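> just a sequence and a predicted model for now, questions to come.
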Amino acid sequence: MAVRWELLKQDPASAARLGRLHTPHGVIETPVFMPVGTQATVKTLNPEEVWDLGARIILSNTYHLYLRPGHDLVQEAGGLHRFMNWKGAVLTDSGGFQVFSLADLRKITEEGVQFRSHIDGSTHFLTPEKATEIQNALGADIIMAFDECTPWPCDHDYARRSLERTTRWAARCKVAHARPEAQALFGIVQGSTFADLRRQAAEEIVELDFPGYGIGGLSVGEPKELMHEMLEVQVPLLPADRPRYLMGVGSPEDLVESVWRGVDMFDCVLPTRIARHGTVFLPDGKMTVRNAEFARDFLPIQEGCDCYACRNYSRAYIRHLMKADEMLGLRLCSIHNLRFLVRTMEEIRAALAAGTFAEYRRTFLERWHAGEAERRARIRTGTGRAGGPMGPSEPAVPQNR
């Protein structure tokens, strides 16, 4: 088996688990957050910087790499690891989410999905077999079955037909998988926000016996309470000896809440996407460092943070870089946000090992939600953290894959 997950400790107060994911490119401590390198790069950072942040596994995307530069070229270069000079593990998304996001540019049939490239308008046809072939060529440690990602909201009948198609496609992916000794193929459970369909999807995909399971179709616009409810329905139905991967989730509070409900792996573009707008994570919520209130603030982004940005630069300097459209500002915010999430997962694992995760969750969420409530109040009144003018507020940035 190419990938094996090992349970180290079950949290007595929740469904959370401490574990290890054994891959061809190293052992990954779980729960884990995976930075997203969609096009074989984590935006604005080089692989050595990502490694130094503490990340040991990243995600790349099949859809984007298929269109550019092409999976054949990546295979010729020796696979993704060698192509991008990354010594850790890699997981590739099947491209399903991206294809189904092209609502006006794609047509779904039982055989697969016809879509038009967002780059040049050319027409392509992606099937479960083709998605698996591409991922075999890319050479990631973990590859994902091609699924239909249902939008939210959708009606029950559409969600049922969609998950049943995802099951049939998963079976086809498993047959097409040409390198099971070197790459682990994970199945994906869907079901939208219908509890009965989440149960049906889990039963059908588990029956196919994958070495790990992705949980798809959440964090696509539904209320967080619904996401939590669906996790509570579906996660207990997944095998206890296999890793569980919640796809496209990366907000700090969602990581904590989802680990509590038994999830082991996460990925999301959120930390680097909001960083490019000057928004950073703090223990008491988000902060937009490009706002006018930080023009003469010579503190680091987060006092006590061990990231490169916080050890070397002030909020005032980073704001200056953002206002001057200097790339270094984006890089420093990205470094901080990724280190914040990686460190949060380190803290979660330490709390699980010590048996104190319930207390960690309580204090983390109390501080985060209080800070976010205060931030929203400041946005409404236009006042900054110190009571002065806030300046322009952060743009709305969706959280997704």
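Here it is on my side, so go on.
> list the contacts of Lys224.
By Cβ atoms under 8 Å, 6 or more residues apart in numbering, the contact list for Lys224 reads 254, 257. All C-beta spots, glycine's among them, are computed from the backbone N, C-alpha and C.
> distance-wise, check it relative to Arg172.
33 Å (Cβ to Cβ, to the nearest Å).
> so, low pLDDT: which residues of this structure?
386-401 (pLDDT under 70).
> at 50 what do you get?
393-398 (pLDDT under 50).
> tell me what the most centrally placed residue in it is bridged to.
Nearest to the mean C-alpha position of the chain, by Cα atoms, centre = their mean, lies Asp267 at 1.5 Å. Taking DSSP bridges as the rule, Asp267 bridges to Met34.
> shift numbering so it begins at 166
With 166 as the first residue, the last one maps to Asp432.
> touching, it and Val255? I think so.
No - contact criterion Cβ atoms under 8 Å: Asp432 and Val255 do not qualify, at 11.3 Å.
> show me where the stretch 166-315 of the chain has helices.
Secondary structure of the stretch 166-315 of the chain by DSSP state H, counting those that start in this stretch: the helices cover 212-217, 227-232, 236-241, 245-249, 261-266, 293-303.
> ok, now the stretch 466-566 of the chain?
Secondary structure of the stretch 466-566 of the chain (DSSP H, counting those that start in this stretch): helices located at 473-477, 480-488, 492-519, 522-546.
> closest to Val192 out of these?
For the helices of the stretch 466-566 of the chain, proximity to Val192 was assessed by Cβ to Cβ; helix 492-519 is nearest, at 13.0 Å.
> got the buried residues for the closest one?
In terms of neighbour count (16 or more other Cβ atoms under 10 Å), helix 492-519 has its buried residues at 494-511, 513-514, 516-517.
> same question for stretch 441-455.
441-447, 449-455.
> cool, and stretch 362-369?
For stretch 362-369, the neighbour count (16+ other Cβ under 10 Å) marks 362-367, 369 as buried.
> what are the boundaries of the strands in the stretch 366-515 of the chain?
Listed in chain order, the strands of the stretch 366-515 of the chain (DSSP state E, counting those that start in this stretch) span residues 378-380, 409-411, 430-433, 444-447, 450-453.
> list the residues that contact Asp407.
If you look again at residue 407, you'll see it is Arg, not Asp. By Cβ under 8 Å, 6+ apart, the residues touching Arg407 are 170, 375-378.
> what's the separation between it and Val168?
10 Å.
> quickly list what's touching both of those two.
With Cβ under 8 Å, 6+ apart, Arg407 and Val168 have common neighbours 376-377.
> re the thing from before, pull up the overlap in contacts between Asp432 and Val255.
Common neighbours of Asp432 and Val255 (criterion: Cβ under 8 Å, 6+ apart): Leu224.
> re the thing from before, can you lay out the strands of the stretch 366-515 of the chain as a markdown table showing distance to Val192?
As requested, those are exported to a markdown table (distance: least, Cβ to Cβ, whole Å):
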| stretch | distance to Val192 |
| --- | --- |
| strand 378-380 | 20 |
| strand 409-411 | 17 |
| strand 430-433 | 14 |
| strand 444-447 | 27 |
| strand 450-453 | 32 |
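> between the ones you listed, which one is closest to Ile193.
In terms of Cβ to Cβ, the element of the strands of the stretch 366-515 of the chain nearest to Ile193 is strand 430-433, at 8.4 Å.
> which other helices and strands contact that closest one?
Using 3 or more Cβ pairs under 8 Å, 6 or more residues apart in numbering; DSSP states H and E, the elements in contact with strand 430-433 are strand 197-200, strand 409-411.
> any chance of those in TSV, plus mean neighbour count and distance to Ile284?
Putting those into TSV (neighbours: other Cβ atoms under 10 Å; distance: least, Cβ to Cβ, whole Å) gives the following:
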stretch	mean neighbour count	distance to Ile284
strand 197-200	25	24
strand 409-411	27	28
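> could the ones you listed be laid out in JSON lines, adding distance to Pro212?
Compiled in JSON lines, these are given as follows (distance: least, Cβ to Cβ, whole Å):
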{"stretch": "strand 197-200", "distance to Pro212": "10"}
{"stretch": "strand 409-411", "distance to Pro212": "22"}
